[in-house]
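S.K.: Next comes the sequence, and after it the predicted model I'd like to discuss.
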Amino acid sequence: MSTPVITDWRQLLKFRCTGCGNCCKGTIVMLTDSDVRRIVEGTGMAPREFVRFFGENELTMSKRHPFWIRFANRQATMALRWGRERCIFLDREDRCTIYEHRPLACREHPFTITVSQRGAVEGLALSNVSECLYELDGNVTRPELAEVSRWNEEESAEYQERVRIWNSDKKRSRTRTAFMEFLGLEWDYGFRRRKYSRARTDLPSFG
Ligand code: SF4
Ligand code: SF4
């Protein structure tokens, strides 16, 4: 399978994911609290079963990135667990086993979407985190792209604000369990609904 050559971003509106699974192997997928909540609601799993906190020595992310969470002895960022260099939700046939509940980063992948201030799609680029074996015989619409981009931006901004509050509060116990509690989640035993909880599995995705 050869990867088509892109000379104009509009060609990517014909993107079709072939399901090769490359983007789910060796890639760290960062999570927001909304992602964690959707997976808990959709699978019944406790966060400790699928969340891992990656430290600064494991990521090449800027030290100023707003997803860094301050714990007692280190900074870390919340991401999906791996097993054998692949996402724990990728099955042996390279299919996502939580497709309807997967994180927004997975939904937006493999695109980097540029939108205007009025929300119109102005550009599209392919992520280079993994080799994407796509074809150009699909149909990705601009409204779908704009919707996923807006959805991702909203939830990321909400999560960043929660992390900022957590990081600036000096009185807190700085453990994983306390961080989950702060987000309205339980690390070990399940899920408690808060007023900002959303269950939106009906919106588009591409990969
Ligand atoms: S959640 Fe699904 S789509 Fe996302 S990395 Fe894991 S297997 Fe891939
Ligand atoms: S988005 Fe690309 S890398 Fe990921 S499964 Fe589809 S074709 Fe493969």
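M.R.: Ah, there it is. Ligands and ions are numbered 1, 2, ... in the order given.
S.K.: Now do stretch 163-179: everything it contacts.
M.R.: R48, F53, P66, F67, W68, I69, R70, F71, A72, F182, W187, D188 (Cβ atoms under 8 Å, 6 or more residues apart in numbering). All C-beta atoms are positioned from the backbone trio N, CA, C, and that covers glycine.
S.K.: Residues of this protein that sit close to ligand 2?
M.R.: 17-23, 109-110, 130, 132-134, 207 (Cβ under 6 Å from any ligand atom).
S.K.: Name the nearest of these relative to R10.
M.R.: Y134 (15.1 Å; Cβ to Cβ).
S.K.: how much space between the nearest residue to that closest one once chain neighbours are set aside and C96?
M.R.: Distance criterion Cβ to Cβ, 6 or more residues apart in numbering; nearest residue to Y134, sequence neighbours excluded, is F15 at 5.5 Å. Between F15 and C96 the computed distance is 17 Å (Cβ to Cβ, to the nearest Å).
S.K.: With neighbour numbers in mind, choose between those two.
M.R.: Each of F15 and C96 has its neighbours counted (other Cβ atoms under 10 Å); F15 has more, 22 against 17.
S.K.: can you tell me which residues contact F111?
M.R.: Counting by Cβ under 8 Å, 6+ apart, F111 has contacts L12, F15, L124, A125, L126, S127, L145, F206.
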